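A.B. asks: fold the following and give me the result.
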Amino acid sequence: MLIFMPLIGTTLQDVLEQKEAYRSIRLEVLPYLVKSQLRSAPSGGEGTIVDETGNVVVPPSSNLQCLSQHRAIAPSAFKQDLLASSGGGTHRCCVYIASKNKYCHRLNSIQAYCDINRDVIGEASHLSGYSFSSHNNIIHPSCVLGSKSTVGPQCMLAEGSQLGDKCGVKRSVIGRHCRIGSNVKIVNSVVMNHVVIEDGCHIQGSVVCNNVQLQERAVLKDCQVGAGYTVTTGSDHKSESLARK
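C.D. replies: Next comes the predicted model:
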């Protein structure tokens, strides 16, 4: 498995300053980075870099520091002489070869985010450090489930969370220290940490961020709720993005 890792931060800023007409990272910046890294150094000595006009460029220390940080994260992506031969004129691009026990996924949409969360209790379950129960789900030992509440297969209920009576959770991930009332239904959703969901709420196909409060009988379908937002009593939202102003 390969992860393409162009340099970010100061290097990306340098590229955009040099190429003011660039408007697309995928179509313009990344091809430029690939072309730039393949530019050969002159015979003036190892570690000497040339720009597009053939002028010698002195590698700035900020880029070397950035490379050092990436090397610490993905050491297999770097050869021994990479730091010595990299600089502002070449804008190195790197590839990290992930082993089979690693997990990689392209995250560019809400659906992809939900898929990744479900993978943590599926093919990538080794990342969570938890073990599956006999019902093919993950429920932390510190969780409390009320009477007649069910947590279906491929679900996760994280540390310190509580479900009231007659709740149903299907194909969903619930984070740490959530307080969920009675008669709540959560389907195909991601609920992050410290969320309060009061009695009678229904959540389907939605992402609920940290510290959100859903008041009684609130309904969410295909929604995204930003951190700290309060969904008012009895409100019904469909295909909306809700966030504090």
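A.B. asks: drop to CA atoms for contacts and neighbour counts, all remaining ones
C.D. replies: OK.
A.B. asks: next, the residue nearest to Gly122 when sequence neighbours are not counted: phi, psi?
C.D. replies: Nearest non-adjacent residue to Gly122, counting by Cα to Cα, 6 or more residues apart in numbering: Gln154, 6.7 Å away. Torsion angles at Gln154 (phi, psi; degrees, to the nearest 10) stand at phi 60, psi 40.
A.B. asks: which residues touch Gln154?
C.D. replies: Gln154 makes contact with 118, 121-122, 136-138, 170-172, according to Cα atoms under 8 Å, 6 or more residues apart in numbering.
A.B. asks: restricted to helices, list those residues.
C.D. replies: The helices, defined by DSSP state H, take in Arg118 from the contacts of Gln154.
A.B. asks: so which of the contacts of Gln154 belong to strands?
C.D. replies: Among those, DSSP state E puts 138, 170 in strands.
A.B. asks: by neighbours, which of the contacts of Gln154 wins?
C.D. replies: The most crowded member of these, judged by other Cα atoms under 10 Å, is Ser172 (27 neighbours).
A.B. asks: wait, doesn't that residue sit right on Thr150?
C.D. replies: No. Counting by Cα atoms under 8 Å, Ser172 does not reach Thr150; the two are 12.0 Å apart.
A.B. asks: ranges for the helices of the chain?
C.D. replies: Using DSSP H, helices in the chain cover 10-18, 30-37, 61-73, 82-85, 110-119.
A.B. asks: before we move on, back to that, show me which of the contacts of Gln154 is closest to Val212.
C.D. replies: Ser172 (16.7 Å; Cα to Cα).
A.B. asks: tell me the domain boundaries of the chain?
C.D. replies: 1-38+92-100, 110-242 (the TED database).
A.B. asks: point out the most buried one among these.
C.D. replies: When the domains of the chain are scored by mean count of other Cα atoms under 10 Å, the highest mean neighbour count falls to domain 110-242 (a mean of 19).
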